[in-house]
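K.L.:
with the sequence up front, the predicted model follows.
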Amino acid sequence: MPIKIPKQLPAKDILEKENIFVMDDERADMQDIRPLNILIVNLMPEKEKAEAQLLRLLGNTPIQLDITFLKMKTHESKTTSNFHLDQFYLTLEEVKHRKFDGMIITGAPVEKLDFTQVNYWEELTEIMDWSKSNVTSSLHICWGAQAALFYHYDIGKFELSAKCSGVYEHLLLEQNEKLVRGFDDIFYAPHSRYTDVSLDAIKNHKDLTVLATSEDAGAYLIVSNDGKHIMITGHPEYEQYTLQQEYERDLKKGLEIEIPKNYFPANNPINKPILKWRSHANLLFSNWINYYVYQETPYNWK
């Protein structure tokens, strides 16, 4: 089934060229169907790239989705035009009267800052607090996952000695959890971050379950026992060349950065990176939409 997005959204052309089933709002409004309403809090600096990455995964699910993008009113983007944001994004004030079946909070390049030092932290906590009664299930990615663990479960983060960047092997710990139905025992996922969270702290929390870990990248997939919050410490939405683009960007900035691990064949940046996480990324998003959103959300929100 398609995802419903604005007709002029740049990601629409990208996804249609990849045969991802998208439907613009004009056509969708003619259908007599109750789509799932998904709110995407896009905190990534290159928002148009993040839009395409997330919509690509959401568009592979069997249910029609109505997508709304949310921006931070208290933060001015340096890398996305105001025209784009004004045309396609809303603020919390504009949506707080609504109910959403699902919400995604993306990563953000602010992980070296304490949470309270982030200039939109207060606004983000307001969104997370609002979501408790207005969203059926929320998916938190990378820094978004760390923010959720801190705000909802009082689990902090710590800075790593070197950036965790690469494609890592993960071990599935829970075979029977519906979020990982169809997963292999071993699967791969990209990571790109300077901070981490304590695996022991998560395992010892009575309201959380760790579903998958990596020997090199730590806790990867965490779910709250009520299904309201899913935390992903990596970036399953990343495209084939995203880590390469980040690596080249950091080199141009003069940063002391290592080659992303397990990404380039023979660990040589000249070689084309191998995409080996797509199937599990699609399965992860499909399971979330089906089991945690569609199966749990009320047909008529009150």
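P.N.:
Good, I have the coordinates. These figures come from a predicted structure and were not determined experimentally.
K.L.:
and Thr213, how many neighbours does it have?
P.N.:
Close neighbours of Thr213, defined as other Cβ atoms under 10 Å, add up to 21. (Glycine included, C-beta is placed from N, CA and C.)
K.L.:
tell me what the helix or strand it falls within is packed against?
P.N.:
Secondary structure from DSSP states H and E places Thr213 in strand 208-214. If contacts are counted by 3 or more Cβ pairs under 8 Å, 6 or more residues apart in numbering; DSSP states H and E, strand 208-214 sits against strand 157-172, strand 186-197, helix 199-203, strand 218-224.
K.L.:
what about the stretch 201-302 of the chain, any weak spots by pLDDT?
P.N.:
301-302 (pLDDT under 70).
K.L.:
spatially nearest residue to Ala145 (excluding sequence neighbours)?
P.N.:
Nearest non-adjacent residue to Ala145, counting by Cβ to Cβ, 6 or more residues apart in numbering: Met231, 3.7 Å away.
K.L.:
can you show me the CA trace of the host helix or strand of that neighbour as CSV?
P.N.:
Using DSSP H and E, Met231 falls within strand 229-232. Extracted in CSV, the C-alpha atoms of strand 229-232 (Å, rounded to 0.1, in the frame of the first residue of the first chain):
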residue,chain,number,x,y,z
HIS,A,229,8.7,3.1,22.7
ILE,A,230,11.2,1.4,20.4
MET,A,231,14.8,2.6,20.5
ILE,A,232,17.2,1.9,17.7
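K.L.:
who touches it?
P.N.:
Strand 229-232 has contacts (Cβ atoms under 8 Å, 6 or more residues apart in numbering) with 137-142, 145, 148-149, 152, 179, 220-224, 284, 288, 292.
K.L.:
my guess is Thr61 contacts Asn287, does it?
P.N.:
No. Using Cβ atoms under 8 Å, Thr61 is not in contact with Asn287; the gap is 9.3 Å.
K.L.:
quick one, which of those two is more surrounded?
P.N.:
Thr61 (23 against 19).
K.L.:
give me phi/psi at that one?
P.N.:
Dihedral pair for Thr61: phi -90, psi 160, per degrees, to the nearest 10.
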